[in-house]
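Student: model the following, please.
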Amino acid sequence: MKKYLAFLRGINISGKNKISMAELKTELEATGFQEVSTYLNSGNIVFTSNLDNPRPMLEKLIAESFCLQVPVYVILMDDLKSILSNAPEWWDSGDKDKYDNLIFILSGDSPQEICDLVAQPSQNLEKIEVFENVIFWTFDRKAYRKCHWWKKTASPGIAEKLTIRTANTVKRVLG
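Tutor: So this is what the prediction gives:
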């Protein structure tokens, strides 16, 4: 059995794309996923499976059980641990004035293609670094509205290509 993390994009936000995490857990277990747990109400799932690629099954289950087309990012737990062990020094530094995020790419785009779409981060306000298939992103909490990546990652044509999790959420789902 392989241990996975799944991040659902855009659920339970402002009353849209509602999915009960308890119901989702029940549906996943009924489908054969094991050791299923969820974290927060924003679609963070830990589970084990024998499947090499559980993403299509998860997306189908959500479509059939909740009548929603929800993009899902799936990663092996060990792969995410490896990514985090290669985080830049400035990411998740404990600085309360900084907001640290990890960007996962849902589309077929590479992280570099996403960086090219979004363009350069705002100097002295935010930092990005690509590692493998993710982008580490940190920005100044007090000046987030001035941050280029803050605006662009939420814009049409880019937002649907990504799912973003805070450093705290990523660490919590790792256990």
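Student: state the helix or strand in which residue 37 lies.
Tutor: For residue 37, the element it lies in under DSSP states H and E is strand 34-39.
Student: neighbours of residue 138, just the number please.
Tutor: 24 (other Cβ atoms under 10 Å). C-beta coordinates here come from the backbone N, C-alpha and C atoms, glycine included.
Student: show the pLDDT at it.
Tutor: pLDDT for residue 138: 96.
Student: which strand or helix spans it?
Tutor: Residue 138 belongs to strand 134-140, assigned by DSSP H and E.
Student: and that strand, how far out from the chain middle?
Tutor: 12 Å (Cα atoms, centre = their mean, to the nearest Å).
Student: what do you get for stretch 112-126?
Tutor: Per Cα atoms, centre = their mean, the centroid offset for stretch 112-126 relative to its chain is 18 Å.
Student: what is the end-to-end distance of it?
Tutor: Counting by Cα to Cα, to the nearest Å, you get 17 Å between the two ends of stretch 112-126.
Student: check contacts around the nearest residue to residue 6 once chain neighbours are set aside.
Tutor: Nearest non-adjacent residue to residue 6, counting by Cβ to Cβ, 6 or more residues apart in numbering: residue 45, 4.4 Å away. Going by Cβ atoms under 8 Å, 6 or more residues apart in numbering, residue 45 touches 5-8, 24-25, 28, 36-39.
Student: list of residues touching the strand holding residue 37?
Tutor: In contact with strand 34-39 (Cβ under 8 Å, 6+ apart) are residues 1, 3, 21-22, 24-25, 28-29, 44-49, 169, 172-173.
Student: got it, and stretch 121-139?
Tutor: 83, 86-88, 90-91, 98-105, 110-112, 114-115, 140, 143, 146-150, 164.
Student: circling back to that earlier point, the residue nearest to residue 6: which element?
Tutor: strand 44-49.
Student: now do that strand, average pLDDT.
Tutor: If you average the pLDDT over strand 44-49, you get 95.
Student: distance check, the residue nearest to residue 6 against residue 132.
Tutor: Using Cβ to Cβ, to the nearest Å, residue 45 is found at 21 Å from residue 132.
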